[in-house]
Every structure is written in structure tokens, then in C-alpha cells.
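# Please find the sequence and the predicted model below.
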Number of protein chains: 2
Amino acid sequence: MVRLMKTTQKKLSEMGLFVYEQVERGRKPYVNIPQRGLGNVQFDKKQRMLALGDKSSKRYYMNVAHTRKFMQTMLVATYCKQLVDESKHAAIRELYYACKRSVAGTKDNTFEDQSESDPIVEDLEVSLDVLREQLNLTADRRGYLYGDITLKDGKDSFNCARLGRGGWSVPGTVEEIEVGDCTADYILAVETAAMADRLIEEKFAQKNRALIVATQGQAPRAVRRLLYRLHNEQKLPVIVFTDGDPWGWYIYSTIKHASINLAYLSERLSIPDARFVGMTMRDIETYGLQKVTERLKETDKARIKDLLAYEWFSHKAWQNELDLCKKLGVRIEQQALANKSLEFVAKKYLPDKIERKDFLP
Amino acid sequence: MVRLMKTTQKKLSEMGLFVYEQVERGRKPYVNIPQRGLGNVQFDKKQRMLALGDKSSKRYYMNVAHTRKFMQTMLVATYCKQLVDESKHAAIRELYYACKRSVAGTKDNTFEDQSESDPIVEDLEVSLDVLREQLNLTADRRGYLYGDITLKDGKDSFNCARLGRGGWSVPGTVEEIEVGDCTADYILAVETAAMADRLIEEKFAQKNRALIVATQGQAPRAVRRLLYRLHNEQKLPVIVFTDGDPWGWYIYSTIKHASINLAYLSERLSIPDARFVGMTMRDIETYGLQKVTERLKETDKARIKDLLAYEWFSHKAWQNELDLCKKLGVRIEQQALANKSLEFVAKKYLPDKIERKDFLP
């Protein structure tokens, strides 16, 4: 942890010194910012994750088209330096408000809107090669963890299977969490809170030596970092369980390969070995769920088309799955399994599929 | 707890018996359902909460306009009886899937969509005079609790100030949670997770003997039940802290007076003694936040008009607040306080206003 902070502090200082020395030497100051657009993102087949290419641009103070962004970059970097120095954390919205002020002698503000400060944060992450969490910036939080693992945060130490049915609320940053004892064999990442709660009530975690992580929709950054750390530090396999529709499957792919806008963070967020347990289109027939499917909407169909075209969905198994979904014209939710019985998902569906390793890649 | 379950079981049994006996006697079976529409909701000035009137309707099996809903009412009641008998919980979406099936000899399903089962749940709540949580139905969950309070859930006992910066994730139902030791003097209910996290980092809970509850937007039912129980069982005052805009103020009013659609639950959810600490329009001048306000959008202005007309916003202080908001044409977020300094909200803003009892009613 101390190491992490030192590195980030050093990188921020070096950036400041680099600009300072340019000014001292009478040169036009600039910073180097790798490009983050689609034109610089590709799917790295070997690493099995989305990755940033090596295109970058220089941002010059003396170029009127760059001046405002250059100033903003310096303000945000300065603020982050201060956060890291003081071991404080700020939400990106707090950062926006904290850096917002009038520019003397003009009618302009340093930032007019958070949509101006957010990309600067991303610029800093990628140009310094650090996570925003290492800049002590936090994202909005969602998601919780349940199961037999002991975590330490500062002076607190707690077991996440001993918090009633509530579970541990995953904070906006998990960089400083230390992982203690853990008896689990794998992590089950679950899309909906209702399904995670079902599994908690059925004592799935205890009976299957699993950790249950509710992503509550698209997994927030802190949840992804938590999964990443538990996967890499504790060698826990990650199994993902979402609704059977293009939205659920994309939640899986984001955990596995990272996403287009966060491609520059792939190496610190993506889990190429993650596996997908369900829901799948084949489940509908296998488990007799025809009566509890939902018809696809136009937006669902359009999303299937997107996914079919993504290189990271090019595996035959996924192409078949997406084609079958289009053909059947339906989606199937996790909670539709309640039609069999409430305990069906915990006693039959998941244990059987996981035992057989009946996964999508 | 055992008492609660017995009562609900008894009420469900009585409903079943009532219908059964009508059939036995050759009468046309019906159930009595209080009306829940706006026409049967009023603001009870004495109780200071929204309340349901005494209009009700009979739902007949033999009336073709009622038959489908009657059948659905019986299905949902039967399912809930089973849940309560088995001490199991289900999400309302699970209930929908569990009760969905073909009706023999027809092309119809018992339920075509969750929008058919949700109102039946509400019908049951109001006609049996129980909470859906007592029917063992859970709502989607959000929100977390941080501070020095010991909670018990089954065999687990944990202190919510010892869970690192994460806090305890509030489950979908808190009916069976037991409250143990608590040193807090009051509860601060906070709209945004980012602000709750700011207060956790600043050790506001410890320094001010407060419990911090993040509602993460409009407080979910379980969070409101938790606030209600802590307020009534532990005699803890509830202070609400939201953004300074009609949406934040409505979050407050829902905690205080309940809401139009849940008027029938007011007595079990609303906290008429709750107080509002901020953000207010006056804060903008008092704390010099003019630079970090946001301009009102048309939807904000329309919402102000709604609130001005609600009887439960008729207090002069609130009418003035709403008028001032309209006049200034701006809103102010909790996180705008970060413009002063990160610790400002925890060290100055909240302690000063709470000390002075500078609240809106």
C-alpha cells in the first residue's frame, strides 16, 4: 500500500517537474496523453482483453485549442497530488466541485460541468499508468459481498459470512483492503440483488464454499477491482451468473475482457479466465422454462447485433448463443428459475452446471 | 417475530377461510379490497402523514370484470402463505415468476407481466393490514449503514462501525433484525453514497455520535423500515441530508410523511418527527456557494410546482424554500460543499447546523 502511494506520488511529482522544467528552460510546456478513442482500442487475442494501442498526443499550453484542457489537467493533477499526500479520498463529483472556480480576469470557470473534469481524470489515469483509485478518487458504489472471507480495513477486521443476510457493502475503493482467511473455492458474481439474496437465504455460500458478489447491474469499478484482486491474490476462479440476454452477457464480458471506455485499465481490471454459468438460451429447453421467458424488445435485438460484431464475442459458442437468442426472440431472467421452486437455483441449477463445468467461454 | 408471523399467517388463513366458506354456502365468493388511488389518499394533519381513507371495493369471482384479478389474488395469497409457513423470502419478481403458469383450457397465463402481480401484492398488504415484508416479500435493495450499533440477524451479531469503510449493506427486509447496543445520539440519513463515504472518511459518525445511513437516492423500503424501527425502538432522532433541489426535498418528505403510493403504509413507514438539515437555498449565501450551484432544468421547475401544491409542503418554511429556489433558478448539491474543502461538511457545515438546530420542518 505504502508502495502504491509512493509510486503514484512520484508519478504525479514527475509530471509536475516535467512541466516546470519546460517553463524554466523557456520551452512551450506540454504533457503527453495517450489516445483513448475507439481508434486506439483493439482486442488483444493473446491476452484475451481489450487493450489500448500506442497512439498518443501532446497537449500544449501555448496552443489555444489545448490551453483550457492543459490548465484543467494541471488543476486535477494538483488536486490528486494533495489527496494522495493527505491520504484522503474524493468522489469524482467532489473533485469537480473542488476544482471549480472563476478564472481571474475572465467570465470563465475552470470547469463548467463535470463532463469536463471526468475525461481529465481518465487522461491522468492513462498517461500516468495508474488507476483513479490510486489517485484516491472513488467511483459511485454499488454491490455487496457475502461469504466466508475475512477482510481488513484499517483497524477493522470482519468476516463477510457473519453479517447477517445483509453482507458487506463494497466501498468506492478497495485498494487498501487487506484480504485475510478465506475458505471459499470460487466466487460467484451475480447480476441482481434479488438473486444474490436468494442464494444467501438458501445458504448457497456455505454449502458450496462460494463467495457471492452482487454486482447490482453492470459491475461498478470497485466490485471489478475486488473480483480482480480476489482472483489474482487468492487464486479464486470467477464464475458469472446473469440474466440470459445481451445486457447480462455484456456484464460478463466486461468482467472478463474489460470494456471499450476502460480498455486502458484492462490489465488491472479484466479477468480473462472468468467463466459464464448462465442464464443461457439452452437453459430454456433443458429446464422447461418456456412459459417464463420474456419477448425481446427492439433495443434487445439491436444490442444482440452489436455483440455479434464485437471481436471478443467471436467465439463460436457465443455466436451460437446470440444467434439462438435472435431466433427464439426471447430473453430469460435469473429469477425466472423461481418458477421451478425457490430453492431450485441453489440446490439444482447452479450446483449441477458448476459440477459439470457447463460454462460458456 | 414469532408473533408477527403468527399474525400474518392467521390473517392469510382467515382470508382463505372467508372465501372457502362463501363457496361452501353457495354464495358468490369475494374479497374486500380498500381503494389505494389518489381519490382515497389524504394528508392527515394531526398525524402529519399521508393516510388512506376508508373507501373499499368488493372483488367478486363471479363478476367477469373481476374474475382474473380474483384468481390472481388467491394465487398470490396462497404463495405468500407458503412463504410465511416455510420462513422463506421471495422478491416480488420471483413471486411473479413463481405464480406464472398456463390456465388449463385457455391460451391465457395466470399473469402476463409483473405489472399484474405487483398491484395484487399491494392489495394484499392493505386488505390484510400487513407489510409486504410480513408476507415475506422483499423489495430490491440499496443503501448501507455505518456507525456504532450492534445488529443481530439469526446467529450473526456485528457492529456496524467495525466493517471498514464499507458499512453494512441493508438487506431487502429488516423485519427480523434485532437491535443490540447503540451509542449513537441520532441518525443522519444521507442521499448520496459519495457524501456518506465522505462522512465515513472524516470519522463523522465517531466524532458526532451519529449513525450514517446512505439512502442512495429515494430511500428503499427496507431503509425506511430500518429508520422507522431505529427511530421508534431506540428513540433516535432522524436528520435528513439531501441535495438542495425538489428531488432531494421529496426524498426527505417520503421519509417523513410517506408517499402517495404507499400512503396505506404510513403508520409503519413514516417518521413525522424527522428533520431536514440541508442543503437549503439559504446555504448558498451563508456558505458562499454561488459558484457551485447548477442551473434548474425544466423538469426541476415542474417538480417545484408539484411540491408547492402538495399539502405536506404547505408549511411556510417550505413554501419559502421552494419559492426561493424558483427565484434563484438554481439547485445546490451536497457535494458542492467540497468546494470549501473536503472536511468542511463534516467539521463545520453539519455540526454547526445540527448544534444550532437550524432545520427545516
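Looks like it arrived, so ask away. Residues are numbered from 1 along each chain as shown, chains lettered A, B, ... in the order given.

# for chain B, what are the nearby residues on the stretch 1-150 of chain A?
Applying C-beta under 8 Å from any C-beta of the partner chain, we find that the stretch 1-150 of chain A lies next to chain B at A:88-91, A:93-95, A:97-98, A:100-102, A:109, A:138, A:140-142, A:144. In short, each C-beta sits where N, CA and C put it, glycine included.

# Any of those buried? List them.
The neighbour count (16 or more other C-beta atoms under 10 Å in any protein chain shown) marks A:89-91, A:93-95, A:97-98, A:100, A:138, A:140-142, A:144 as buried among the residues of the stretch 1-150 of chain A next to chain B.

# Can you give the domain ranges for chain A?
Domain assignment for chain A, taken from automatic domain parsing, gives A:2-138, A:144-355.

# what residue lies at the spatial centre of chain A?
Nearest to the geometric centre of chain A sits A:R221, at 3.6 Å (C-alpha atoms, centre = their mean).

# Now do the contacts for that residue.
A:R132, A:E133, A:A139, A:L262, A:L269 (C-beta atoms under 8 Å, 6 or more residues apart in numbering or on different chains).

# Helix, strand, or coil at A:Q134?
Look at A:Q134: counting by DSSP: H, G, I helix; E, B strand; the rest coil, its state is helix.

# Excluding chain neighbours, what is closest to it?
Ranked by C-beta to C-beta, 6 or more residues apart in numbering or on different chains and with sequence neighbours excluded, the top spatial neighbour of A:Q134 is A:T8, at 4.6 Å.

# Longest helix in chain A, please.
Ranked by residue count, the top helix of chain A under DSSP state H comes out as helix A:2-24.

# what does that helix rub up against?
A:28-31, A:74, A:77-78, A:80-81, A:84-85, A:87, A:127-130, A:134-135, A:175.

# Count the residues that sit near A:V179.
Using other C-beta atoms under 10 Å in any protein chain shown, A:V179 has 15 neighbouring residues.

# residues contacting it?
Per C-beta under 8 Å, 6+ apart, neighbours of A:V179: A:I149, A:T150, A:L151, A:K152, A:R229, A:L230, A:E233, A:Q234.

# I'd guess A:V277 is in a strand, am I close?
Yes. Assessed by three-state DSSP, A:V277 belongs to a strand.

# Next, the distance between the ends of stretch A:283-302.
Criterion C-alpha to C-alpha, to the nearest Å; first-to-last residue distance in stretch A:283-302 is 22 Å.

# all helices for the stretch 251-361 of chain A, in order.
Remark: helices assigned in the stretch 251-361 of chain A by DSSP state H, counting those that start in this stretch are A:266-269, A:281-286, A:298-309, A:316-328, A:344, A:350-355.

# Which of these sits closest to chain B?
The closest of those to chain B is helix A:344. By C-beta to the nearest C-beta, the value is 10.2 Å.

# Not counting its neighbours along the chain, what's nearest A:D245?
A:R331 (3.7 Å).

# same deal with A:K207?
Among residues not flanking A:K207 along the chain, A:A346 sits closest, at 7.7 Å (C-beta to C-beta, 6+ apart).

# what's the neighbour count on the one you found?
22.

# Cross-check the contact I'm expecting between it and A:L199.
Yes. Applying C-beta atoms under 8 Å, one finds A:A346 in contact with A:L199, separated by 5.6 Å.

# A:T293 is in contact with A:A336, correct?
Yes. Between A:A336 and A:T293 there is a contact at 7.2 Å, judged by C-beta under 8 Å.

# what about those two, which has more around it?
Neighbours were counted for A:A336 and for A:T293 using other C-beta under 10 Å; A:A336 has more, 27 against 18.

# Give the closest residue to the more buried one in space, chain neighbours not counted.
Excluding the flanking residues, the one nearest A:A336 by C-beta to C-beta, 6+ apart is A:V292, at 4.0 Å.

# three-state assignment of the residue nearest to A:A214 when sequence neighbours are not counted?
Using C-beta to C-beta, 6+ apart and skipping the chain neighbours, the partner closest in space to A:A214 is A:A196 (3.6 Å). Per three-state DSSP, the local secondary structure of A:A196 is helix.

# Confirm for me that A:A196 is in contact with A:R142.
No. Judged on C-beta under 8 Å, A:A196 makes no contact with A:R142 at a distance of 11.9 Å.

# what about the residue lying closest to A:E343 once chain neighbours are set aside, distance to B:C80?
Nearest non-adjacent residue to A:E343, counting by C-beta to C-beta, 6+ apart: A:E202, 5.5 Å away. From A:E202 over to B:C80 the distance is 19 Å, taken as C-beta to C-beta, to the nearest Å.

# For the two, work out which one has more neighbours and name it.
Between A:E202 and B:C80, B:C80 has the larger neighbour count (other C-beta under 10 Å), namely 24 against 19.

# Was I right to think that one contacts B:L137?
Yes. Counting by C-beta under 8 Å, B:C80 does reach B:L137; the two are 6.9 Å apart.

# Now do the shared contacts for those two.
By C-beta under 8 Å, 6+ apart, the residues touching both B:C80 and B:L137 are B:L95.

# give the contact list for the nearest residue to A:L135 once chain neighbours are set aside.
Among residues not flanking A:L135 along the chain, A:C80 sits closest, at 4.2 Å (C-beta to C-beta, 6+ apart). Residues near A:C80 by C-beta under 8 Å, 6+ apart: A:L12, A:L95, A:L124, A:L135, A:N136, A:L137.

# quick one: which of these is most hemmed in?
Busiest of those [other C-beta under 10 Å] is A:L95, holding 29 neighbours.

# In a helix, it, correct?
Yes. The assignment for A:L95, made by three-state DSSP, places it in a helix.

# how close does it get to A:A77?
Going from A:L95 to A:A77 by C-beta to C-beta gives 11 Å.
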